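Q: give me a 3D structure for the following:
(one chain, ligands or ions: 1)
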Amino acid sequence: MNPRFDDNSITVAIVGCGGFIGSHLFDAVLERTRWRVFGVDLDFYRLQHRLNHERCEFLCADLADPAVVERIAQFPIVVNLAAICTPSRYMGEACEVIRSNYDHPAALAEACARSGAWLVHFSTSEIYGKTAVESGELEEDSTPAVFGPVTASRWSYATAKLLAERFIAGLPGLRWTVVRPFNFVGPYMDFMPGVDGEGIPRVLANFSTALLRGEPLKLVNGGKAKRCFTSVHDAVDFLFALFDAGLGCSLNSGIGAAGASKVGSAPGAGVFSQAFNVGNAENEVSIAELAQKMRAIFAKVRGVDVSTLPEPQAVAGEEYYGAGYDDSMRRMPSVVKAERLLGFRARIPLDTALEESLSWFVKHYSV
Ligand code: UGA
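A: Presented below is the predicted three-dimensional model:
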């Protein structure tokens, strides 16, 4: 085992450990390291199999409580995944979305700056804003961000996330890394409406639900928007590349001790004070194409002819999500920086990621 991962004095705090990405990271830390994990969330249903694990401690709480924030910041590595990140909520619940994506992470960042913890903050690819169909690769340190008007409350989330990034980057003494996910997919993503959640989940869970219920897949504004879907397993591999590089920079400067200690002057170039895209640029697909791929995979998984499944239907964005819905038309990551600084490149092809996700969904919700 890599000696950095073999070090049982390290505890990583995972805030939002019960969510889709958090639960995959949680499992991977236990499987690939000898670290301890301090998991914080309000719901642990994705981690039932870990609740009695000897290297885990769980706290049922959220970042609205200042005492909880202080406690989390005492660990040497803090990964913050807690967020409201479902577009259907950005319109009707804008204030709650902003609190969850700005106020709470800002308080945690301040506590980490005081304690010396390394904050790995999950932001979003949505901070690139209202990208056009013809937009090219989005680069972390050069692409401008253009949002829609204040009346298009879709952008409440991206605005809060971008402000949180700026706050983190501006905090004196904070050791930070920002991660911008590009449409991660995999088992346990989101929910099935009416079963374990309400409202409209993100597109993968929504299409999976419709397929399972024999309903048409809804193509918002014709399904012309494009996304680069990225396997959650690639995302976890990225985090391990980051941990490895960050701990390599920090051996003499505090991280790795049982508690967080003030970090010295180690530069950590390439890891700290950086934002990273995490995505698979080779997996780009329009949402209309995604719908056809998912129909074909579902037909294969179920052993039925694809022609027996309902055809997708176009629907207007504001009719589907409500007033204030707007969209990014293309979201293609530049992957150069993660490869150059961390040697990371996503590897899992689109069809593999979709088949794993949809097969899991069918099995999980058919029970
Ligand atoms: C969302 C979040 O806002 C981002 O923060 C997050 O980073 C991102 O998901 C992600 O998963 O990484 P978005 O890509 O717009 O952003 O999320 P989806 O709801 O999955 O929508 C993707 C596209 O599919 C959009 O164009 C949407 O209009 C379309 N869509 C969605 C449909 O055509 N039909 C549906 O049933 C659902």
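Q: show me what from the chain comes close to the ligand.
A: For the chain, the contact set with the ligand under C-beta under 6 Å from any ligand atom comprises 85, 87, 124-126, 157, 181-184, 202-203, 206, 218-220, 223, 225, 227, 287, 327. For glycine as for every other residue, the C-beta is placed from the backbone atoms N, C-alpha and C.
Q: mind checking which of those residues land in strands?
A: With DSSP state E as the criterion, strands contain P181, F184, K218, L219, V220, R227 from among the residues of the chain next to the ligand.
Q: low pLDDT regions in the stretch 251-367 of the chain?
A: Within the stretch 251-367 of the chain, the stretches with pLDDT under 70 are 251-268, 367.
Q: spatially nearest residue to the residue of it found nearest the ligand, not counting backbone neighbours?
A: Using C-beta to the nearest ligand atom, I287 is the residue of the stretch 251-367 of the chain that sits closest to the ligand, at 4.3 Å. Spatial nearest neighbour of I287, excluding adjacent residues (C-beta to C-beta, 6 or more residues apart in numbering): G223 at 3.9 Å.
Q: OK, contacts around that neighbour?
A: Neighbour list for G223: S286, I287, A288, E289, L290, A291, P312, A314 [criterion: C-beta atoms under 8 Å, 6 or more residues apart in numbering].
Q: for those residues, which one is nearest A241?
A: L290 (27.5 Å; C-beta to C-beta).
Q: that older thread, check contacts around the residue of the stretch 251-367 of the chain closest to the ligand.
A: Taking C-beta under 8 Å, 6+ apart as the criterion, I287 is in contact with V203, L219, V220, G223, K224, A225, K226, R227.
Q: next, format the residues you listed as CSV and append pLDDT.
A: Below are these laid out as CSV (pLDDT from 0 to 100):
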residue, pLDDT
V203, 97
L219, 98
V220, 98
G223, 98
K224, 98
A225, 98
K226, 98
R227, 98
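Q: I'd like to know which of those are buried.
A: Buried members of those, scored by 16 or more other C-beta atoms under 10 Å, are V203, L219, V220, G223, A225, K226, R227.
Q: identify the bridge partners of I14.
A: For I14, the beta-bridge assignment (DSSP bridges) gives partners G39, V79.
Q: columns distance to C112 on top of the buried ones among the contacts of I287, output as a markdown table?
A: A markdown table is the format used below for these (distance: C-beta to C-beta, whole Å):
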| residue | distance to C112 |
| --- | --- |
| V203 | 33 |
| L219 | 42 |
| V220 | 37 |
| G223 | 41 |
| A225 | 35 |
| K226 | 35 |
| R227 | 31 |
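Q: quick check, nearest of the residues you listed to D43?
A: The shortest gap between D43 and any of those belongs to V203, at 22.3 Å (C-beta to C-beta).
Q: which stretches in the stretch 151-300 of the chain count as helices?
A: Remark: helices assigned in the stretch 151-300 of the chain by DSSP state H, counting those that start in this stretch are 156-170, 203-213, 232-250, 287-302.
Q: so which of the ones you listed gets nearest R36?
A: Evaluated with C-beta to C-beta, those place helix 232-250 nearest to R36, the distance being 14.0 Å.
Q: how far out from the middle of the chain is stretch 26-39?
A: Remark: stretch 26-39 is offset 18 Å from the chain centroid, using C-alpha atoms, centre = their mean, to the nearest Å.
Q: what do you get for stretch 224-238?
A: Relative to the chain's own centre, stretch 224-238 is displaced by 9 Å; criterion: C-alpha atoms, centre = their mean.
Q: buried sites along it?
A: Going by neighbour count (16+ other C-beta under 10 Å), the buried part of stretch 224-238 is 225-238.
Q: cool, and stretch 151-167?
A: Using 16+ other C-beta under 10 Å as the test for burial, stretch 151-167 gives 152-165, 167.
Q: so which of those comes closest to Y102?
A: Using C-beta to C-beta, A160 comes nearest to Y102 of the buried residues of stretch 151-167, at 4.0 Å.
Q: thought the closest one was touching E96?
A: No: counting by C-beta atoms under 8 Å, A160 sits too far from E96 to count as a contact (10.4 Å).
Q: thought F229 was touching N183?
A: Yes: between F229 and N183 there is a contact at 4.8 Å, judged by C-beta under 8 Å.
Q: against the ligand, how distant is R213?
A: Distance, R213 to the ligand, by C-beta to the nearest ligand atom, to the nearest Å: 13 Å.
Q: and that residue, how many neighbours does it have?
A: Neighbour count of R213, defined by other C-beta atoms under 10 Å: 12.
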